[in-house]
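Asker: The following comprises the amino acid sequence and a computationally predicted model.
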Amino acid sequence: MTNGGSVFGRGTNRERAATRPSSQRRRRLVPYALILPAVVLEMVVHVGPILVGLWTSLTRLTQLSIRDWTGAPVVWWENYRNGLDPSGAIGSALWATFLRTLVFAVLVVFLSWALGMLAAYLLNTDVRARGAFRMLFLVPFAVPTFVAVIGWSFIFSRDDGALNHVLVDQLGLFDERPFWLIGGNAFWAIVVVAVWRLWPFAFLMLFAALQNVPHELHEAGALDGTSRWRQFRSITLPTIRPVNAVVILIMGLWSFNEFAIPYVLFGPQPPESATLLSNLIYEHSFVNFNMGLGSAMNVLVLAFLLAVSVWYVRAFVPRGRDE
Amino acid sequence: MRIGRILAISLSVALSAGLVGCGDADGDDENAGSEGARITYWAVSMSSSITDDEAVLEPLLETFTEETGVEVDLEVVPWADLWNRILTAVSSGQGPDVLNTGNTWSASLQATGEFLEFDDEALEAIGGAGKFIETSLAATGAEGMPPATIPLYGQAYGLYYNTELFAEAGIDEPPSTWEEMVDIGQQLTQDTDGDGDTDQWGLSILAGNGGVGSHFAFILGRQHGGSLFDESGNPQFDSDEQVAAVRRYLDLMVTDQVVSPSNAEFTMTEAADQLAQGTAAMVFGQASTRRTLASLDFDDYGVARIPSPAELPEGGSDIGSMVAGTNIAVMDGSEHVDEALQLVGFLTDVDAQVELNRTYGTLPVIEEAYEHEAFDDHAIQTLSVNLRDHAEPFPQVPEVGQMETLVGGAVKELFAQAATGTVTDEDIRSALEEADRQMEAAG
């Protein structure tokens, strides 16, 4: 950008000699003209579909009206009323799923962050073969979701899965072989897989952040006789706070929008205990083909995430240098 | 550089990028005026890989091109994507000329208005309605309307049994009533190695598969004289008959205990695997289960119909299957309707029917094909009788997909509950009631 600016800057000087005010105004338009393609494309690729989605949420767009989808009957707020009414069949499912997704996201972010932090902290000392560990820890993040989750589905299988083999056959913790892929335990299955997938990201970011914590601070702390825990709380954490804030925000948004893990583990219709918001919206939109309702739910989720993100960014993410 | 020019260039770059995106992607224009028409055919994947399907279909389509001069662009679509692909085609108006559909979707697709109605003339063009098996032709759209789809590969449920396990137990006939089936099942549910755990089960079912759950809610419901929708098309999933039907299905695991609780996790081919391994004596399977068993190198099995209760409940229908299968349809917007109908006719004629159904392990949908020696097989003959005489079409209403999700989901969750505890009649009723409410709320 600076390059472009200087080129046009020179041009402006030359023009100034000719003193033509109208041409000056035109020069000022140049940057806008140059970003115009990007703006137009952004409108086409992003803003357009969002607006279509908003409009869809006000209609009853189903398989019956999809042939001529612009002419789908407008129902205004009916989809929203259905979705938000906690005593209705659809609203009660949405609220339950919303709470479940919230719990899921909080658990996954907390556990992933804790694991990532622990690993980063341990590797940040002078451990041998640091590189090898780092590679190993990144494996879950690098394996394609589909492949990894299929692998987990074998592990969780009741009769011949590795998990029950360890828990029941070897450790003898249960008399009955528990189910992990159906019923209430399915929720824990998706939490485990999600944490397994996400923690390397936390590890990677926090590890990079820890390497930037000045060594002198720790030395000073050690001289004053503080414990490692105290050093961690009073030196490490405050120093990496900006990174932490961003990592938690990103992981929170990812977890809240998680779709692939339940979908691959259980198919288009996961057990109730493992149905997250994205899966519920998918079911309404693409299994039942009630796109209007699906869009309305999507808009509600978007509004919620937007509100939370704005609050979070204001409260925790540090502003730029100009503050 | 002039501002105007920059603007013009910028805009044209943006617009051309946009236009390329929106461009007519199916390349119809090439065909205009050319002598041999070119049509697009979406075939659903019926084997384990898309390459296998192409290897089966391409030679056939070449024969079709030789006979008619019509070129066919084949695309094989996996089952999991088919529904979405079809509805995208419907909404954009940019679809293939000819495509495969699940036969239970017929009424849904019909309601979009985007599919060619097979009126008398169109039916005549593909060889006449008379060539098809009657039940198959009944699952092609709402009653009283011209078919929106045409049968292509037939499927029916059957009771597969392991003949070796039956012989060892001295049983030489498959069960002819539901009660007999449960008896035999209990007799064959055994702890064969004496370690205190049952390792051989009487029956194995895909209790974790919602689609299958909705099929059995329908089949057993009809045996009880129930129906999932009333005459004006409103859901009545929680009628007494339906509750009784789901009760009987669940009881295979709960009270009869001929089905392992593990079956609540089964969604794909696990039941067939168990039959082949000898860890289950019987399974419920569709015609294509034969193909799964063949791929496991297993042929010690017999096929019977899924039995009804000895005393059929009042108003009950003595069926053991639904009319299942894959259908074929023509998009209304096709520019080559005649050629599309030629292809439908070709694929439902005897040569293609023999070739395709033999390869896919499915049932021919035309009478004539059964005379071919390839289908002179006890299992196929039994399954074809199941399809002709003991099957009714799934409800032909537009909301059938949603019903499958909701009722199937309820049955699946009930099995999950049964696997870890007990299920009361009240649980069943309230689960079905909830499905009913969701169906009505989504309207």
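Answerer: Cool, the structure landed. Residues are numbered from 1 along each chain as shown, chains lettered A, B, ... in the order given.

Asker: Domains in the chain, by residue range?
Answerer: Let's take chain A. Here the domain parsing of chain A from automatic domain parsing is A:2-56, A:86-316.

Asker: sorry, should have said chain B
Answerer: Here the domain parsing of chain B from automatic domain parsing is B:35-155+B:323-393, B:157-321+B:396-442.

Asker: okay, the ones you listed in a markdown table with distance to residue A:60, mean pLDDT and mean neighbour count next?
Answerer: Just so you know, the C-beta spots here come from the backbone N, C-alpha and C atoms, and that holds for glycine as well. Shown next, in a markdown table, are those (distance: least, C-beta to C-beta, whole Å; pLDDT from 0 to 100; neighbours: other C-beta atoms under 10 Å in any protein chain shown):
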| stretch | distance to residue A:60 | mean pLDDT | mean neighbour count |
| --- | --- | --- | --- |
| domain B:35-155+B:323-393 | 14 | 92 | 20 |
| domain B:157-321+B:396-442 | 10 | 93 | 20 |
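
Asker: TSV for those, including distance to chain A?
Answerer: Listed next are those as TSV, based on distance: least, C-beta to the nearest C-beta, whole Å:
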stretch	distance to chain A
domain B:35-155+B:323-393	5
domain B:157-321+B:396-442	4
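
Asker: got CSV for these, with distance to residue A:93 too?
Answerer: Listed next are the domains of chain B as CSV, based on distance: least, C-beta to C-beta, whole Å:
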stretch, distance to residue A:93
domain B:35-155+B:323-393, 22
domain B:157-321+B:396-442, 7
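
Asker: Residue A:159 is nearest to which of those domains?
Answerer: domain B:157-321+B:396-442 (5.0 Å; C-beta to C-beta).

Asker: At which residues are the helices of the stretch 301-443 of chain B located?
Answerer: Per DSSP state H, counting those that start in this stretch, the stretch 301-443 of chain B carries helices over the ranges B:337-347, B:350-360, B:378-389, B:400-420, B:425-442.

Asker: right, and the ones you listed - which one's nearest residue B:92?
Answerer: Using C-beta to C-beta, the helices of the stretch 301-443 of chain B put helix B:337-347 closest to residue B:92, at 18.4 Å.

Asker: ok now do residue B:199, which residues does it touch?
Answerer: By C-beta atoms under 8 Å, 6 or more residues apart in numbering or on different chains, the contact list for residue B:199 reads B:190-193, B:279.

Asker: What is the nearest of these to residue B:157?
Answerer: If you rank the contacts of residue B:199 by distance to residue B:157 using C-beta to C-beta, residue B:279 comes first, at 21.0 Å.

Asker: quick one: contacts for the closest one?
Answerer: The contact partners of residue B:279, by C-beta under 8 Å, 6+ apart, come to B:199-201, B:204.

Asker: quick revisit: deepest in the core, which of the domains of chain A is it.
Answerer: Among the domains of chain A, domain A:86-316 has the highest mean neighbour count (mean count of other C-beta atoms under 10 Å in any protein chain shown), at a mean of 17.

Asker: when you scan that domain, is anything in it near chain B?
Answerer: Yes - residues of domain A:86-316 are located near chain B by C-beta under 8 Å from any C-beta of the partner chain, namely A:88-90, A:93, A:157-159, A:179, A:181-183, A:267, A:269, A:271-272, A:283-284, A:286-290, A:293.

Asker: Centre of the chain to that domain, how far?
Answerer: Distance of domain A:86-316 from its chain centroid, counting by C-alpha atoms, centre = their mean, to the nearest Å, is 9 Å.

Asker: measure stretch A:57-67 end to end?
Answerer: End-to-end distance for stretch A:57-67, by C-alpha to C-alpha, to the nearest Å: 17 Å.

Asker: just to revisit the earlier point, which of the residues of domain A:86-316 next to chain B fall in helices?
Answerer: Among these, the members falling in helices (DSSP state H) are A:89-90, A:93, A:293.

Asker: Mind putting those residues into CSV with pLDDT?
Answerer: Below are these laid out as CSV (pLDDT from 0 to 100):
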residue, pLDDT
A:89, 81
A:90, 85
A:93, 88
A:293, 89
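
Asker: Can you tell me which of these is closest to residue B:77?
Answerer: residue A:293 (26.3 Å).

Asker: on that earlier part again, lowest average confidence across the domains of chain A, which one?
Answerer: Mean pLDDT is lowest for domain A:2-56 among those, at a mean of 73.

Asker: Isn't residue B:262 up against residue A:161?
Answerer: No - using C-beta atoms under 8 Å, residue B:262 is not in contact with residue A:161; the gap is 10.6 Å.

Asker: Just the CA atoms of stretch B:57-74, as CSV, please.
Answerer: The C-alpha trace of stretch B:57-74 is given here as CSV (Å, rounded to 0.1, in the frame of the first residue of the first chain):
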residue,chain,number,x,y,z
LEU,B,57,-22.7,-48.0,-16.4
GLU,B,58,-20.4,-46.8,-19.1
PRO,B,59,-20.5,-49.8,-21.4
LEU,B,60,-24.3,-49.9,-21.2
LEU,B,61,-24.5,-46.2,-22.0
GLU,B,62,-22.2,-46.8,-25.0
THR,B,63,-24.7,-49.3,-26.3
PHE,B,64,-27.4,-46.8,-25.8
THR,B,65,-25.5,-44.2,-27.8
GLU,B,66,-24.9,-46.8,-30.6
GLU,B,67,-28.6,-47.6,-30.7
THR,B,68,-30.0,-44.1,-30.6
GLY,B,69,-27.2,-41.7,-31.5
VAL,B,70,-27.8,-39.8,-28.2
GLU,B,71,-24.6,-39.1,-26.2
VAL,B,72,-24.8,-39.4,-22.4
ASP,B,73,-22.7,-37.5,-19.9
LEU,B,74,-22.6,-39.7,-16.8
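
Asker: If you drop the residues flanking it in sequence, what lies closest to residue A:267?
Answerer: Excluding the flanking residues, the one nearest residue A:267 by C-beta to C-beta, 6 or more residues apart in numbering or on different chains is residue B:267, at 6.6 Å.

Asker: For that neighbour, what is the enclosing helix or strand?
Answerer: Residue B:267 is part of no helix or strand when elements are defined by DSSP states H and E.

Asker: give me every residue that touches it.
Answerer: A:267, B:206, B:208-209.

Asker: Those residues into TSV, with extra columns for secondary structure and distance to residue B:391?
Answerer: Output for the contacts of residue B:267, formatted as TSV (DSSP: H, G, I helix; E, B strand; the rest coil; distance: C-beta to C-beta, whole Å):
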residue	secondary structure	distance to residue B:391
A:267	coil	26
B:206	coil	19
B:208	coil	24
B:209	coil	19
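
Asker: Would you mind measuring from residue B:406 to residue B:291?
Answerer: 30 Å (C-beta to C-beta, to the nearest Å).
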